[in-house]
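K.L.:
Here's my sequence, what's the structure:
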Amino acid sequence: MPATAARPHALVLGLDLNGLGVVRSLAAAGIPVAAADTRLDKPTARTRHARTFRIATLGDDEGAATAPILLDELARVGRALGDRPVLFLTQERTVATLAPHAEALALVARAVLPPADVVACLLDKGCFQARAEAGGYAIPRSVTVTAAGGPQALAGLRFPCIVKPAQKYAAYGPPLKKAYRAADAAEALALLPAMLPAAPRVTVQEWIEGGDGDVYFCLQARGRAGKTAASFVGRKVRQWPPATGGTATATAAPEARAELADTTDRFFAAAGVVGLASMEYKRDRRDGRFYMVEPTIGRSDYQEEVATVHGFNLPAAAYADALGLPLPAAAAGPARLWVDPQGEANAIRATGPLDPPDAAEDANWFYILAWAGGDDRVVDRLERVGPGVYRSTKPIPLGGRWKVGLRLNRGHERGAARRHARPRTRCRSCRAAAGRARSRTCRSSCPTRLRRCGPAPWWLRCSETACRDPPSTARA
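P.N.:
Alright, predicted model coming up:
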């Protein structure tokens, strides 16, 4: 649809997978779209849905140095488009760069961003922690550590803990990880010498027990008046790296919608958040409660498009609110799976933890097997990457006709857990064995039809995505 005075272009800054999802969401609503990035040679920038522009910068985490350059680039793109576009940010560094320059930004683009002090507070994990605690929200305890701190800074925390930068720092990046899991205070302290030179403030936060499938999120488009224009609640299926990484696969979570949408509404309304935003939660398996993890402010979330494919087009709602147009209607659709292809390819190499952790020690064999999806089977022995945690050494096919399972043998004990299979009834010999003995594993005459018939004295306590039967539309 061509742009008009009443419907100017939407301009998406950043064309990684996140930005491509926003572009596709806007285009699906018939909105004229432009997009800009410093690189247009990456696969996600090759979209037919937007007019693309190469710009000099997307900002930086400190922001001050690149703000004038980015504002000049936005003015140049606006002149080329012939209008003042509605701005969509997809990266935290761009938010940090533009938020303090709201007046100058308003001259070249229509942007709905929270006030600069709100952005600065909620992008800082320590300030966010204090605000959440003051509001009485469930959030795990944490402390902020600096170079001047010592072992006493971690006193009172219950380990294991997650260790991560208190905010985004330009100097913090690979080979340093996004976050680390520390089993005890000594392990947390051992991480600090490598982290603190790049991240002067580090957050150490109590670990919430649960797997990747226990991580939930509430994505929102918040109107200029501070009210929610659209909201979607989902959960992760897999992360990469497992336990501490970003989203590899995500889907809807209607069972948690009422609770998490209400909690997110109340927190963001009290904080003065407008525009695109989201809150991440994790459900603690020990008490079943949802705990806040961290917010995303002023930009789209990495998996923003998962809402669109479920009938909740948040970018389109944000565009309509910015222009005072009627909000698009939300129409919840069937369950679908949003996938980051690279993250998924990495994530499916990982298996869940074992319970007990030594279940596979001295095993005759412990491997993952994929069959029935092609000419050959795929077999890969699992490598140990941590106490009771194993992963495959190569990608394992999922989807289509492939069936995938984990198999383990330790002396006279053996068992299997299904990772992925087309819907089917249990094999006849397993049904018969299930009636005779519910406390052991069994197998049919066909080794590839190994089925677990009941709880064994030892077994895999796989991650939720490994053991729970997934929705028929999910590749999990």
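
K.L.:
separation between Val118 and Arg377?
P.N.:
Per CB to CB, to the nearest Å, Val118 is found 55 Å from Arg377. The C-beta positions use only the backbone N, C-alpha and C, and glycine is treated the same way.

K.L.:
Looking at these two, which one has more neighbours?
P.N.:
Between Val118 and Arg377, counted using other CB atoms under 10 Å, Val118 has the larger neighbour count: 20 against 11.

K.L.:
Wait, a helix at the more buried one?
P.N.:
Yes. Assessed with DSSP: H, G, I helix; E, B strand; the rest coil, Val118 lies in a helix.

K.L.:
Find the nearest non-adjacent residue to it, please.
P.N.:
Gly272 (5.1 Å; CB to CB, 6 or more residues apart in numbering).

K.L.:
got a pLDDT number for that neighbour?
P.N.:
Looking at Gly272, its pLDDT stands at 96.

K.L.:
Quick one: residues contacting the residue lying closest to His101 once chain neighbours are set aside.
P.N.:
Once flanking residues are discounted, His101 sits nearest to Ala67: 5.4 Å by CB to CB, 6+ apart. Applying CB atoms under 8 Å, 6 or more residues apart in numbering, we find Ala67 in contact with Gly59, Thr97, Leu98, Pro100, His101.

K.L.:
and the residue nearest to Val118, how many neighbours does it have?
P.N.:
14.

K.L.:
same question, Ala307
P.N.:
For Ala307, using other CB under 10 Å, the count is 32.

K.L.:
go on, Ile368?
P.N.:
Ile368 has 24 neighbouring residues, counting by other CB under 10 Å.

K.L.:
Wait, it touches Tyr390, no?
P.N.:
No. Contact between Ile368 and Tyr390 fails when scored by CB atoms under 8 Å: they sit 9.0 Å apart.

K.L.:
Show the pLDDT at the residue nearest to His101.
P.N.:
Looking at Ala67, the pLDDT reads 94.

K.L.:
now swap in Gln342 and tell me
P.N.:
84.

K.L.:
Surely it forms part of a helix?
P.N.:
Yes. Under three-state DSSP, Gln342 falls within a helix.

K.L.:
quick one, what contacts it?
P.N.:
Counting by CB under 8 Å, 6+ apart, Gln342 has no contacts.

K.L.:
Please repeat the previous calculation with a cut-off of 10 Å.
P.N.:
Leu17, Trp240, Ala248 (CB atoms under 10 Å, 6 or more residues apart in numbering).

K.L.:
Nearest to Arg222 among these?
P.N.:
Leu17 (23.1 Å; CB to CB).

K.L.:
how about the nearest residue to that closest one, chain neighbours excluded?
P.N.:
Nearest one to Leu17, counting by CB to CB, 6+ apart, is Thr44 at 5.5 Å.

K.L.:
residues near that neighbour, how many?
P.N.:
So Thr44, with other CB under 10 Å, has 17 neighbours.

K.L.:
Can you tell me the SS state at it?
P.N.:
Per three-state DSSP, Thr44 ends up helix.

K.L.:
That one against Val12, yeah?
P.N.:
No. Judged on CB atoms under 10 Å, Thr44 makes no contact with Val12 at a distance of 11.1 Å.

K.L.:
which neighbours do these two share?
P.N.:
When contacts are counted by CB under 10 Å, 6+ apart, Thr44 and Val12 have Asn18, Gly19, Leu20, Gly21, Val23, Ala35, Asp37 as shared neighbours.
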